[in-house]
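Engineer: Any chance you could fold what I've pasted below:
(one chain, ligands or ions: 1)
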Amino acid sequence: MTDRDKGKATRLVEGGRRKEWRRRLVNPPVERASTILFDSVADLHASRPALGTYRYGLQGTATQWALAEALTELEPGAAGTALYSSGLAAITTPLLAVLEPGDELLATDSVYGPTRRFCDSFLSRYGVATRYYDPLVGSGIADLIGNRTRAILLESPGSLTMEVQDVPGICAIARKRGIVTLLDNTWATPLLFPAIAAGVDITVLAATKYVGGHADVMLGAATATPDHYDRLQEISWDLGHCVSPDDAWLGSRGLRTMAVRLKQHEESALKVADWLKSQPQVGRVLHPAFSDCPGHEQWKRDFHGSSGLFSFELKGARAAFIDGLELFGIGYSWGGYESLALPISPYRTTSTAPAPNLVRLHIGLEDPDDLIADLGESLAALER
Ligand SMILES: *Cc1c(COP(=O)(O)O)cnc(C)c1O
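Structural biologist: Presented below is the predicted three-dimensional model:
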């Protein structure tokens, strides 16, 4: 079988498990190292920093290489993956690899909040101006590109409000004009949206979410095309980024089951979202698989399914509703096996948010009927 013949679940199971890395074990073990010992001064001088070459702890060991390689294999057309100690670092570092003082960045108005903060604070001080665009801009992006525009930062669906973008359309326009595209692909993962094949130059995962899958590790990954990977990895090492082997190992451990987990997240989230839609205390349900979600047509055209995160408009007191839930945790992040609820307040400069008083749910791996009963009880309590 050539790699191209293999399905995604097979690549997920096999990826990065080279025999020379795992020896007779199923999984490459946790190899902890700072110093790597060389046999001679000549060998030391001959060594170059590269994934797959034991050189210094910063470049990692088989534990990190296995995760990076497995993630690369999920993105046909990609040259490699750089790992980071958080999803946020996996966004900020590629931006620094691509942008120079004097450049302009076009960023989606639906971008993850801390990413917006980085653009408006650090990048602005660094001399890069960020202009936000409406996530539904589509081919209208062409009119926003100026002669200083160096990069476009996409996120689809967008954080909190779930607008799905025309990623292939925007990337095709950008590539023709020599502009680099970066995508935060955390919601879909490469299983639901292979980004490099869609024309993205650098695709980013907060691996903290579905790759880890168990709410116990912070991790990020940026996977890039051959035109961008070497520079990205070099800048990452220049900035001193590395991931601990223990965290990388947890990432690989989570990755092996990501396909089956995502299927269950999808099925349960659709069931819960469908039920919510018919409740009198619920307004709009923002789920990319629903026809009234902004950008739904793009989702239908480009995605292989949906995951477990969506938002809805609550007609009632959000804090009381969320506090009243028993099975949903209250806290940041998502993508683990457990359900979560969060009141959210999207910040927008190009338009208003699609609905007020939003609650975001992450649907975990509990029985969906139990989640629905829990939500139903808390909704009913709002009426009393
Ligand atoms: C959580 C998240 C991030 C950041 O990941 P961390 O690992 O928490 O730093 C980035 N993008 C999106 C869409 C996220 O939901």
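
Engineer: residue contacts, the residue of the chain found nearest the ligand?
Structural biologist: Going by CB to the nearest ligand atom, the ligand is nearest to G87 of the chain, at 2.3 Å. The way it works is simple: take the backbone N, C-alpha and C, and place the C-beta from them, glycine included. Residues in contact with G87 (CB atoms under 8 Å, 6 or more residues apart in numbering) are T186, V204, L205, A206, A207, T208, K209, M218, L219, G220.

Engineer: show me what contacts the last one?
Structural biologist: In this structure, G220 makes contact with 83-91, 204-208, judged by CB under 8 Å, 6+ apart.

Engineer: how about 6 Å then?
Structural biologist: Y84, S86, G87, A89, A90, A206, A207 (CB atoms under 6 Å, 6 or more residues apart in numbering).

Engineer: same question, the first one
Structural biologist: Applying CB under 6 Å, 6+ apart to T186 gives the contacts L205, A206, K209.

Engineer: repeat that with 8 Å
Structural biologist: By CB under 8 Å, 6+ apart, T186 lies in contact with G87, Y112, E155, V204, L205, A206, K209, Y210, G335.

Engineer: From the structure, what's the count of residues near G364?
Structural biologist: 24 (other CB atoms under 10 Å).

Engineer: Mind telling me what element it is part of?
Structural biologist: Assigned by DSSP states H and E, G364 belongs to no helix or strand.

Engineer: do you know how far it is from D109?
Structural biologist: Using CB to CB, to the nearest Å, G364 is found at 29 Å from D109.

Engineer: ditto for S34
Structural biologist: According to CB to CB, S34 stands 43 Å off from D109.

Engineer: ok, the two, which is more surrounded?
Structural biologist: In terms of neighbours (other CB under 10 Å), D109 is the more surrounded of S34 and D109; the figures are 23 against 7.

Engineer: hang on, that one packs against S351?
Structural biologist: Yes: in this structure D109 lies within contact range of S351 using CB atoms under 8 Å: 7.0 Å.

Engineer: shared neighbours, those two?
Structural biologist: Common neighbours of D109 and S351, using CB under 8 Å, 6+ apart, are D134.

Engineer: buried stuff in the top helix by length along the chain?
Structural biologist: Using DSSP state H, we find that the single longest helix of the chain is helix 258-277. The neighbour-count check on helix 258-277 (16 or more other CB atoms under 10 Å) flags 258-259, 261-262, 264-266, 268-270, 272-273, 275-276 as buried.

Engineer: What ranges does the stretch 201-350 of the chain have for its helices?
Structural biologist: In the stretch 201-350 of the chain, the helices defined using DSSP state H, counting those that start in this stretch lie at 229-238, 245-255, 258-277, 296-302, 318-323.

Engineer: want to throw those into TSV with mean pLDDT and distance to Y56?
Structural biologist: Output for the helices of the stretch 201-350 of the chain, formatted as TSV (pLDDT from 0 to 100; distance: least, CB to CB, whole Å):
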stretch	mean pLDDT	distance to Y56
helix 229-238	97	9
helix 245-255	98	14
helix 258-277	98	30
helix 296-302	98	40
helix 318-323	98	47
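
Engineer: Just send the ones you listed back as JSON lines, with distance to D374 too.
Structural biologist: Shown next, in JSON lines, are those (distance: least, CB to CB, whole Å):
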{"stretch": "helix 229-238", "distance to D374": "42"}
{"stretch": "helix 245-255", "distance to D374": "26"}
{"stretch": "helix 258-277", "distance to D374": "10"}
{"stretch": "helix 296-302", "distance to D374": "27"}
{"stretch": "helix 318-323", "distance to D374": "11"}
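
Engineer: For K8, which of these is the nearest?
Structural biologist: Closest to K8 of the helices of the stretch 201-350 of the chain is helix 258-277 (CB to CB; 6.4 Å).

Engineer: Torsion angles phi and psi at the residue nearest to E73 when sequence neighbours are not counted?
Structural biologist: For E73, ignoring the flanking residues on the chain, the nearest one in space by CB to CB, 6 or more residues apart in numbering is G15 at 4.3 Å. Main-chain torsions, G15, degrees, to the nearest 10: phi -60, psi 130.
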